[in-house]
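> quick check, what structure comes out for this input:
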Amino acid sequence: MVLAQRLELRQGQSLVMTPQLQQAIKLLQLSNLELTSFVEQELERNPLLERDEQGERDGGAGQEPLTTLPESGEMVAADVKMADGQVSSDSALDTDLTNDHAGDQRSELVGVDGASGPGGDNWSQVRGTGGSFDDGEFNLEEVLTHDISLRDHLNEQLKVAITDPVRRMIGAYLIDMIDEAGYLRGEYEGAGERLGCAQSEVDAVLATLQTFEPTGVFARTLAECLALQLKERDRLDPLMAGMLDHLELVGRRDHAALMRILSVDADDLASMIDDIKSCNPKPGLVFGSDVIQPVVPDVFVRVGQDGAWVVELNSETLPRVLVNGRYLSEVSPSMTREDKIYLTECMNNANWLVKSLDQRARTILKVSSEIVRQQDGFLAHGVEHLRPLNLRTIADAIEMHESTVSRVTANKYVSTPRGLFELKYFFTSSIASVEGGEAHSAEAVRHRIKMLIDAESGTDVLSDDRIVEILRGSGIDIARRTVAKYREALRIPSSVQRRRLKALAS
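Model prediction:
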């Protein structure tokens, strides 16, 4: 074997994600509040970026709806106004964003170029790929210190306690109605009508939520909050319930009236009052009082004049920025070489930011429109008509990558006639159907199993095999092992145990 040095030429292909493309991908998963903060930082950092004051004063008035969803299922996208000029959708950016996958470094971008603004000023957006942006990551202290909020704590319990998709969505809706003290505020009585389900179903979910920690949450009154805590301690007897009905006398310390109404002596009354004092009237405050940020929808869904669903972006959440090319032309004659390099980089970065913001808006609109098309049954008839849906279904329909859809649906909210929901609420897993029919939601199948078991009589207890037969007769292709797994997840005992419990109860 002879060792020798030699020169070789090799040709290969590789994809390198530029800092601009990484920034564009990052913008997709930001919420509207985080996006506003990011744009404010860029406005302070880049001298060629300016806020569109005229657009903010107009408040988006006169701007056409960004998307309508006709009955034919064909999406119609109107032009988007960015940088105080009309943006055309005919030209493309240098790199593609709509299909990205950080794992395999695969990316594509579909974007738009800017145009000159009104008034003869040289407001321009020049194509460029040079320069870089700082990542803008959070401070180390913000990463290491994070206090869990009351809603986060309740949502974690909701995932474990309720597996039925309908009831879980009702639970999420009720969690959004509580205040920082843990009390249920808002119009509870009309929740069933707004969600398109029976009020008794909402009451059943509320009864489950009132067993969550901290004890006393989801109470509608002080008396109910105290009753939940006393019940857990096994202290809610008829006398204590009578005292809770007369809390105003306890507050006035009218002990004589309480002893007369409850027919107890002074010692018993003092013991009952001590039990009430040991309760926490505001159980939610154990998590502290966080700064409550209002949830502003990114997308609006409404019924059009022809009965079709209309999907529109919330123009108030879209930052309005301009690239000031006139400033660059004014200072160019007196610039040094270093100044020209710096301002050229600023121009390229500003141009890319404007295009990325416009592409972000279009991508959110495209994904939201397809979700509305897939879940039109929920919008029309209520939570019981949720269809099984996953990221791949949406990605294939709009020809994007799943990772893009995942980023778009993170921290984004849609306002519908049935309430305000996070886009991720509409995704549920599926179970195959018999003979190749339409797939069924896994959560809906769990709900069906629970309904079958709840409806069984003492003499006719359904075994897992019998449940499989019933479900397959309904077109659901499911195995016995899967039924047993779902039943255990619902904390339902086996058919033998249920038969024994029913015999003891009778």
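
> CA atoms of stretch 295-310 as CSV?
The C-alpha trace of stretch 295-310 is given here as CSV (Å, rounded to 0.1, in the frame of the first residue of the first chain):
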residue,chain,number,x,y,z
VAL,A,295,-56.5,36.6,24.8
VAL,A,296,-56.8,38.4,21.4
PRO,A,297,-57.9,36.2,18.6
ASP,A,298,-55.6,36.0,15.6
VAL,A,299,-58.4,34.8,13.3
PHE,A,300,-62.2,35.6,13.1
VAL,A,301,-64.7,33.1,11.7
ARG,A,302,-68.2,34.2,10.9
VAL,A,303,-71.1,33.3,8.7
GLY,A,304,-71.2,35.1,5.4
GLN,A,305,-74.3,36.4,3.6
ASP,A,306,-74.5,33.2,1.5
GLY,A,307,-74.3,31.0,4.5
ALA,A,308,-70.6,30.0,3.9
TRP,A,309,-67.9,30.4,6.6
VAL,A,310,-65.8,33.6,6.2
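
> now it: buried residues?
297-301, 309-310 (16 or more other Cβ atoms under 10 Å). To be clear about C-beta, it is placed using only N, CA and C from the backbone, and glycine gets the same treatment.

> pull the most distant pair out of those residues.
Based on Cβ to Cβ, the longest span within those runs between 298 and 309 and measures 16.2 Å.

> pLDDT on the longest helix along the chain, on average?
Scanning the chain for the longest helix, with DSSP state H as the assignment, gives helix 337-374. For helix 337-374, mean pLDDT rounds to 90.

> helices or strands next to the helix or strand following that helix in the packing?
Counting by DSSP states H and E, the element after helix 337-374 in chain order, helix or strand, is helix 376-381. The contact analysis (3 or more Cβ pairs under 8 Å, 6 or more residues apart in numbering; DSSP states H and E) places helix 376-381 against no helix or strand.

> so what's the gap between helix 376-381 and the chain middle?
Its chain's C-alpha centre and that of helix 376-381 lie 18 Å apart, by Cα atoms, centre = their mean, to the nearest Å.

> run through who's touching the helix or strand following it.
Downstream of helix 376-381, the next assigned helix or strand under DSSP H and E is helix 391-398. Identification of contacts with helix 391-398 by Cβ atoms under 8 Å, 6 or more residues apart in numbering yields 366-367, 370-371, 373-374, 400-402, 404-406, 409, 427.

> quick one: buried residues of helix 391-398?
Quick answer for helix 391-398 (16+ other Cβ under 10 Å): 391, 393-395, 397-398.

> sorry, back to before: list the buried ones in the longest helix of the chain?
Result for helix 337-374 [16+ other Cβ under 10 Å]: buried residues 343-374.

> now it against helix 391-398, angle please.
100 degrees (axes from the mean of the first three to the mean of the last three Cα atoms, to 10 degrees).

> state the distance from residue 184 to residue 320.
38 Å (Cβ to Cβ, to the nearest Å).

> wait, I meant residue 22
Counting by Cβ to Cβ, the gap from residue 22 to residue 320 is 24 Å.

> between those two, who's got more neighbours?
In this view residue 22 and residue 320 are compared by other Cβ atoms under 10 Å, and residue 320 has more residues nearby, 21 against 16.

> which one is that one nearest to, not counting chain neighbours?
residue 52 (3.5 Å; Cβ to Cβ, 6 or more residues apart in numbering).

> likewise for residue 310?
Here the residue nearest residue 310, using Cβ to Cβ, 6+ apart, is residue 304, at 4.3 Å.

> for that neighbour, phi and psi?
phi -80, psi 180 (degrees, to the nearest 10).

> isn't it up against residue 312?
No. Look at residue 304 against residue 312 with Cβ atoms under 8 Å: they stay out of range, at 10.4 Å.

> okay, now residue 277: neighbour count?
Neighbour number of residue 277 under other Cβ under 10 Å is 9.

> point out where the stretch 151-300 of the chain drops to low pLDDT.
Applying pLDDT under 70 to the stretch 151-300 of the chain flags the ranges 288-293.
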